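**Q** the sequence and its predicted three-dimensional model are supplied below.
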Amino acid sequence: MEERRPGLDPAVAEVRLAVRRALTALPTGSTVIVGLSGGADSLALAAGVAFEAPKLGLTAMSVTVDHGLQENSADAAAAAVTHARALGLDARVVRVEVGAEGGPEAAARDARYAALRDAAREAAAEAVLVAHTLDDQAETVLLGLARGAGATSLQGMAEATDLDGVAVLRPLLGVRRATTRAACVAEGLEPWDDPHNVDPRFARVRVRERVLPVLEAELGPGIAEALARTAAQLREDAEAFDEMIEETIEDIVEHAEAGISVSAAALAANPAALRHRIIRHIVASEFHESLTRSQTLEVARLVTDWSGQGPIDLPGCRARRVGGRIEFSAAPDSRGR
């Protein structure tokens, strides 16, 4: 248990401890960037980083991304900068243009991460810190479950990921949203409440405002924590599978003239779970596309239930059986790209 000086608010202490654990692994002298929207989660994170970073010999700054999606977005961004500077952080605003690909939420997220990545490169920062909480993790898992997106989606968000060579850290994945808001109150910080966070047009908002409260009421408290634990367990399983795939794939994959091929007998000798992951891994690594479960199963039938069926068209590629091998080749309309 962390030792706290008398009078330190428990919520503030919890946030600072989570931040310290994330920052301790970074080299002394590094620069870190906080993605600061001005909301309670990111404001609590910024306060935690402003307190902990200097003690660890780190330089911290904040970047607020103005998506320009609301009339008062510039005012909200300016308020976030004011808070950051009051905390002792160097702060700036980056204005971005949000496209339409993938829907408004995905487009805004892509624009935001691109801006944070570019800011990190410009500042030669070691990492970008973002303020996803345990509640965000639970919502992500539920959304993945509803979409039937498989174990990869149910893993939720990782504590650390790579964004085109820039480390993205999520120190607050074990911290509840109520805790970040309490920390802001304790430190006299006034967060900005994004109206999009209560707009029922967005699936994540409906999960937050309607689905999770019903689950808590009907099944008892602790649903969010249980979903977060599930994500962590699935991520551990996925890491183990990834190691097995890396060990296996070197022995069973060969480069072919049209793409890449894999031994059907070797695939058949593996358990179904590993076989399916190898198929998805090949398509993702060679053709940068993701397969649905039904597409994966169709390819697997070339191994386990082959009766001479023809090629299978997949996103970005085509799979077919040639003798004792499954051959993956670029789709005809993508070869010239």
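**A** Arrived safely.
**Q** go ahead and confirm Arg204 touches Glu139.
**A** Yes. The pair Arg204 and Glu139 passes the contact test of C-beta atoms under 8 Å, sitting 5.5 Å apart. For glycine as for every other residue, the C-beta is placed from the backbone atoms N, C-alpha and C.
**Q** tell me which of these two has more neighbours.
**A** Glu139 (23 against 16; other C-beta atoms under 10 Å).
**Q** who touches the more buried one in this structure?
**A** By C-beta atoms under 8 Å, 6 or more residues apart in numbering, Glu139 lies in contact with 204, 207-208, 212.
**Q** for the residues you listed, give me a markdown table that also has secondary structure, distance to Ser263 and pLDDT.
**A** Listed next are these as a markdown table, based on DSSP: H, G, I helix; E, B strand; the rest coil; distance: C-beta to C-beta, whole Å; pLDDT from 0 to 100:
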| residue | secondary structure | distance to Ser263 | pLDDT |
| --- | --- | --- | --- |
| Arg204 | helix | 42 | 90 |
| Val207 | helix | 43 | 93 |
| Arg208 | helix | 47 | 93 |
| Leu212 | helix | 46 | 93 |
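**Q** now the two most distant members of these.
**A** Using C-beta to C-beta, the two most remote members of those are Arg204 and Leu212, lying 10.7 Å apart.
**Q** what ranges do the helices span in the stretch 1-150 of the chain?
**A** Remark: helices assigned in the stretch 1-150 of the chain by DSSP state H, counting those that start in this stretch are 10-23, 40-55, 73-86, 104-123, 134-147.
**Q** so what's Ala25 up against?
**A** Taking C-beta under 8 Å, 6+ apart as the definition, Ala25 has no contacts.
**Q** per-residue confidence at it?
**A** Ala25 carries a pLDDT score of 92 in this model.
**Q** got it, and Val96?
**A** So, for Val96, pLDDT stands at 86.
**Q** that one: neighbour count?
**A** Val96 is flanked by 17 other residues according to other C-beta under 10 Å.
**Q** gap between it and Ala124?
**A** Look at Val96 and Ala124: by C-beta to C-beta, to the nearest Å, they are 21 Å apart.
**Q** what's the answer for Val81, then?
**A** Applying C-beta to C-beta to Val81 and Ala124 gives a distance of 21 Å.
**Q** cool, and His288?
**A** 28 Å.
**Q** same question for Phe241.
**A** Applying C-beta to C-beta to Phe241 and Ala124 gives a distance of 35 Å.
**Q** the two: who's more crowded?
**A** Phe241 (16 against 8).
**Q** tell me what angle whatever helix or strand that one lives in forms with helix 134-147.
**A** Per DSSP states H and E: Phe241 is located in helix 223-252. Here the directions of helix 223-252 and helix 134-147 differ by 60 degrees (axes from the mean of the first three to the mean of the last three C-alpha atoms, to 10 degrees).
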